[in-house]
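>>> have a look at this fold, sequence not included:
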């Protein structure tokens with residue numbers, strides 16, 4: 001018996017990629033075509049999350065996450081994941097009250113970075129995420145260094161994420177912009193880049209990035225698969 005995965009979603013494109021990865025790659029671990037663990041997904045309105053984010057209301061974000069967690073627990077989920085890096089800033093408010101255990105997206109990425117021998121990671125994501133301690137805390141615990149984008153790059157990336165990627169819009173100009181930012185991180189000594197918004201992997205990958213990528217969305221999905229299969 002595999003465990004039931006509960007997905008606490010926030011934005012649609014990233015959550016869909018996470019869900020799709022679990023369903024498509026499950027057969028590799030389970031050894032049977034089209035096999036994957038049971039999966040349930042719940043999300044509050046992205047607009048409700050954005051309202052909390054804009055006013056820095058992390059207890060409000062936690063309430064939304066916990067409401068999803070409670071509903072997923074009632075559907076039978078054994079553990080929970082959230083394919084959204086930004087709202088992990090509320091994780092410390094969520095975990096003590098959660099009806100089920102969680103995998104932490106940044107911890108999964110940090111584990112992969114350490115396993116692959118990376119030492120200094122460029123961070124990309126929303127302005128809320130790159131200004132936060134979500135990744136610095138988890139990377140620092142493994143002795144990994146990091147580089148935040150400068151203010152101009154932070155705002156440019158945030159604009160692309162919130163105005164394009166979450167709407168399912170993927171433009172060549174956005175690929176070029178990310179390429180320039182990541183190239184600058186390479187010049188400053190980074191040996192890999194964290195795709196720290198779950199929509200970014202729909203735009204950037206190892207094929208068009210100047211640095212090796214750490215795809216937070218798929219890494220989380222694969223960690224969830226391993227946990228579900230191992231029980």
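Everything's here; your move. These numbers were taken from a predicted model, which means no experiment stands behind them.

>>> which residues of this protein score low on pLDDT?
Judged against pLDDT under 70, the chain has no low-scoring part.

>>> can you classify the residue of the chain positioned farthest from its centre as helix, strand or coil?
Centroid-distance maximum for the chain: residue 32 at 27.5 Å, with CA atoms, centre = their mean. Assigned with DSSP: H, G, I helix; E, B strand; the rest coil, residue 32 falls in the coil class.

>>> which residues of this protein fall in helices?
12-30, 46-54, 58-75, 91-94, 105-115, 127-130, 134-140, 151-163, 172-187, 216-230 (DSSP state H).

>>> okay, the ones you listed in TSV with mean neighbour count next?
For glycine as for every other residue, the C-beta is placed from the backbone atoms N, C-alpha and C. Listed next are the helices of the chain as TSV, based on neighbours: other CB atoms under 10 Å:
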stretch	mean neighbour count
helix 12-30	19
helix 46-54	16
helix 58-75	19
helix 91-94	18
helix 105-115	21
helix 127-130	22
helix 134-140	20
helix 151-163	17
helix 172-187	16
helix 216-230	21
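
>>> could those go into TSV alongside distance to residue 2?
As requested, the helices of the chain are exported to TSV (distance: least, CB to CB, whole Å):
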stretch	distance to residue 2
helix 12-30	7
helix 46-54	29
helix 58-75	15
helix 91-94	24
helix 105-115	18
helix 127-130	31
helix 134-140	26
helix 151-163	33
helix 172-187	36
helix 216-230	5
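
>>> before we move on, back to that, for the residue farthest from the centre of the chain, give its distance to residue 179.
Computed as CB to CB, to the nearest Å, the residue 32 to residue 179 distance reads 39 Å.

>>> cool, residue 204 as well?
8 Å.

>>> could you do residue 136 as well?
24 Å.

>>> swap in residue 13?
20 Å.

>>> re the thing from before, quick one: the residue farthest from the centre of the chain from residue 229, how far?
12 Å.

>>> likewise for residue 83?
19 Å.

>>> likewise for residue 38?
Taking CB to CB, one finds residue 38 at 12 Å from residue 229.

>>> quick check: neighbours shared by these two?
residue 2 (CB atoms under 8 Å, 6 or more residues apart in numbering).

>>> and the residue lying closest to residue 15 once chain neighbours are set aside, what does it touch?
Leaving out its chain neighbours, the residue that sits closest to residue 15 by CB to CB, 6 or more residues apart in numbering is residue 9, at 3.5 Å. Neighbour list for residue 9: 15, 41, 42, 43, 68, 82, 83, 84 [criterion: CB under 8 Å, 6+ apart].
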